[in-house]
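Colleague: requesting a structural model of the entry that follows:
(chains A and B)
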Amino acid sequence: MKRVVITGQGTINALGHSVPDTLAAFREGRCGIGPLEIRDVDRLSIKIGGQVHGYEPEAHFNRQQIALYDRFTQFTLLAARQALAQSGLDFCGELSMESGVALGTSGGGMNTLDENYRSVYEDGKNRVHPFVVPKLMNNAAASHVSMTFNLKGPSFTVATACSSSNHAMGQAFHMIRSGMCRVMITGGSESMLCFGGIKAWEGLRVMSRDACRPFSANRNGMVQGEGAAIFVFEEYEHARARGADILAEVVGFAMTADASDIVMPSRQGAARAIEGALRDARLAPEDIDYINAHGTGTAANDKTECAAVADVFGPHADQLMISSTKSMHGHLIGGTGAVELLACIMALRDGIVAPTIGYEEPDPECTLDVVPNTAREADVNVVLSNAFAFGGLNAVLALRKV
Amino acid sequence: MSDSVKDKVIQIIAEQAVLEVSDVKMDSSLEDLGIDSLGLVESIFAIEEAFDIQVPFNANDPSESEFDISSVAAIVKAVEQLVADQKA
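Modeller: This is a model prediction of the structure:
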């Protein structure tokens, strides 16, 4: 089996338009959640989100590109440019054939859907722009990454709600580990902060009106975010031979299905995914220093996740750190695991663990060390990143310091 | 008026629980009737639509929501209050 390493990363999210800006926010425990600035926000009962501000598409893309790229595709391409630039890779010849794209998104071109439904239903128009379909399709971002960077190997999109990115990165990992590909551009993107996107989530009554406070006894729900994070996964020998800067090694991945409920999480399903990732990486529970939690800030997720971690790690559960950065960037749904992987890599590379901000009251059902409110310096060698989706689909990645 | 609110709420709950209206007792809890968290959210949606009201309910902490869901009687009372508030 081949070893898989990460040689590039890029992002745009509510905390910043680059990796350094995002990591600075993680270190400072800065909150990117604030009042939503979207059309018809007065008709929403949820008026906050982790929105990307100060972003002008025209600064990055020409008119023809903007006509084809939904906001989730724009975010993907911006993050991919950063990641590819850092990796130093140029795709031509054989490498181009052996490299692909695996991205996660849940809603795909949700803004495009929203705008065009509005146009035909509310404004009564009988004609829409010719590019609506290629703009809104879930695989649009993956295809544009493939076209922009000349990646001609296996390329596809994974849509498993809140686990999309982790599932996509897990697939990218497997494809390099098995020898099928040499490089995979992977990660995820989401842009659901539009009237229809928020209105749909309001219906479930799991959203907070004021803040995302994972693991805190007074938590009252999740807050949506938007953005993308993209990584370059590369076969280790290939990266080493060209003297690439290796950010971290991906050492394990597991996925499970709860097979129980469409929205309620399962302790057993989550625990089996965590155990599976450890087994796949040939790690003992005691090896894990940090877990980037799914930590949505809902009553149900956080207590279930803590119970699952306690089941898997036993006494070591009290030794490891577990934080939810959703408290800062919000829940990016299909893109969330990707943005959260940035915090995992920061912990491994810089020895700084991002905090769970907004933590106000201990919850007897969440007694783990959630790194409350302030980032922490620590020697971190091995990390896990959890994602537990609606539909009961779980995906956990394991990374190691190189 | 009050009776009609009660009848309509019971009808909504009965439909959600797949029970006859006569099987929904005022002292039943939603749990007694076999209504889970998704069923509850759907019932509240149906109540909001039926009475054109906003029900203050957050699934993250049903016990601390302003809307009392501890029994059918409590729900009827809360809905009557919301309907009255709306008319006021």
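Colleague: where does pLDDT dip in chain A?
Modeller: Chain A contains no residues with pLDDT under 70.
Colleague: just checking, next helix/strand downstream of the biggest helix by length in it?
Modeller: When secondary structure is assigned using DSSP state H, the longest helix within chain A turns out to be helix A:71-87. Using DSSP states H and E, the next helix or strand after helix A:71-87 towards the C-terminus is helix A:93-97.
Colleague: point me to the helix or strand that includes the closest residue to A:D280 other than its chain neighbours.
Modeller: Nearest non-adjacent residue to A:D280, counting by Cβ to Cβ, 6 or more residues apart in numbering or on different chains: A:G252, 3.9 Å away. C-beta: built from backbone N, CA, C; applies to glycine. If you go by DSSP H and E, A:G252 is part of strand A:248-257.
Colleague: what helices or strands is that strand leaning on?
Modeller: strand A:4-13, helix A:164-177, helix A:267-280, helix A:336-350, strand A:393-400 (3 or more Cβ pairs under 8 Å, 6 or more residues apart in numbering or on different chains; DSSP states H and E).
Colleague: in the fourth one, what's buried?
Modeller: Going back to what we said before, that points to helix A:336-350. For helix A:336-350, the buried set under the neighbour-count rule, 16 or more other Cβ atoms under 10 Å in any protein chain shown, comprises A:336-349.
Colleague: show me what contacts the residue most central in space within chain B?
Modeller: The centre of chain B sits closest to B:I75, judged by Cα atoms, centre = their mean, with a distance of 4.3 Å. By Cβ atoms under 8 Å, 6 or more residues apart in numbering or on different chains, B:I75 lies in contact with B:V9, B:I13, B:I47, B:F67, B:D68, B:I69.
Colleague: phi, psi of it?
Modeller: Phi and psi for B:I75, reported as degrees, to the nearest 10, are phi -70, psi -40.
Colleague: compute the first-to-last residue distance for stretch B:60-71.
Modeller: One end of stretch B:60-71 to the other measures 18 Å (Cα to Cα, to the nearest Å).
Colleague: now tell me what touches it from outside.
Modeller: Contacts to stretch B:60-71, defined as Cβ under 8 Å, 6+ apart, come from residues A:206, A:208, A:219-221, A:298-300, B:26-30, B:40, B:44, B:55-58, B:74-75, B:77-78.
Colleague: select only the buried ones of the residues you listed in PyMOL?
Modeller: Buried subset of the contacts of stretch B:60-71, written as a PyMOL selection, criterion 16+ other Cβ under 10 Å:
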select buried, (chain A and resi 206+208+219+220+221+298+299+300) or (chain B and resi 28+30+40+44+55+57+58+75+77+78)
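Colleague: and B:F57, what's its pLDDT?
Modeller: Looking at B:F57, its pLDDT is 88.
Colleague: can you pull the contacts of it?
Modeller: Contacts for B:F57 (Cβ under 8 Å, 6+ apart) come out as A:R205, B:I44, B:S65, B:E66, B:F67, B:I69.
Colleague: what about the fifth one, which helix or strand?
Modeller: So that's B:F67. Using DSSP H and E, B:F67 is not contained in any helix or strand.
Colleague: could you find the closest non-adjacent residue to it?
Modeller: B:F57 (4.6 Å).
Colleague: and that neighbour, what helix or strand is that in?
Modeller: For B:F57, there is no helix or strand it lies in under DSSP H and E.
Colleague: cool, and A:V52?
Modeller: Counting by DSSP H and E, A:V52 is found in no helix or strand.
Colleague: what residue ranges in chain B score low on pLDDT?
Modeller: For chain B (pLDDT under 70), the answer is B:1-2, B:63-64.
Colleague: and it, which residues reach chain A?
Modeller: When proximity is defined by Cβ under 8 Å from any Cβ of the partner chain, chain B lies next to chain A at B:S37, B:L38, B:V41, B:I44, B:F45, B:Q54, B:F57, B:N58, B:A59, B:N60, B:D61.
Colleague: am I right that the second one is in a strand?
Modeller: No: the secondary structure assignment for B:L38 gives helix rather than a strand, going by DSSP: H, G, I helix; E, B strand; the rest coil.
Colleague: run a quick neighbour tally on it.
Modeller: Per other Cβ atoms under 10 Å in any protein chain shown, the neighbour tally for B:L38 reads 15.
Colleague: test my guess that it contacts A:R205.
Modeller: No: taking Cβ atoms under 8 Å as the definition, B:L38 is not a contact partner of A:R205, at 10.4 Å.
Colleague: what residues are up against B:G34?
Modeller: Taking Cβ under 8 Å, 6+ apart as the criterion, B:G34 is in contact with B:A17.
Colleague: how much space between A:A387 and A:L397?
Modeller: Between A:A387 and A:L397 the distance is 8 Å, computed by Cβ to Cβ, to the nearest Å.
Colleague: now the common contact residues for those two.
Modeller: By Cβ under 8 Å, 6+ apart, the residues touching both A:A387 and A:L397 are A:N166, A:G337.
Colleague: between these two, which one's more packed in?
Modeller: The neighbour comparison of A:A387 against A:L397 (other Cβ under 10 Å) goes to A:A387, with 32 against 29.
Colleague: ok, A:G358 touching A:D210?
Modeller: No: with contact defined as Cβ under 8 Å, A:G358 does not count as touching A:D210 (9.4 Å).
Colleague: which one of those two has more residues nearby?
Modeller: More crowded of A:G358 and A:D210, by other Cβ under 10 Å: A:G358, with 26 against 13.
Colleague: which SS class is the more buried one?
Modeller: The three-state label given to A:G358 by three-state DSSP is coil.
Colleague: could you pull up phi and psi at it?
Modeller: Backbone geometry at A:G358, expressed as degrees, to the nearest 10, gives phi 70, psi 10.
Colleague: out of the contacts of stretch B:60-71, which sit inside helices?
Modeller: For these, the ones inside helices are A:A299, A:A300, B:L40, B:I44, B:A74, B:I75, B:K77, B:A78, with DSSP H as the criterion.
Colleague: now the residues you listed in a markdown table, with distance to A:I12?
Modeller: A markdown table is the format used below for the ones in helices among the contacts of stretch B:60-71 (distance: Cβ to Cβ, whole Å):
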| residue | distance to A:I12 |
| --- | --- |
| A:A299 | 31 |
| A:A300 | 30 |
| B:L40 | 38 |
| B:I44 | 37 |
| B:A74 | 47 |
| B:I75 | 45 |
| B:K77 | 49 |
| B:A78 | 44 |
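Colleague: which one among these gets closest to A:A172?
Modeller: Closest approach to A:A172 among the ones in helices among the contacts of stretch B:60-71 (Cβ to Cβ): A:A300, at 29.8 Å.
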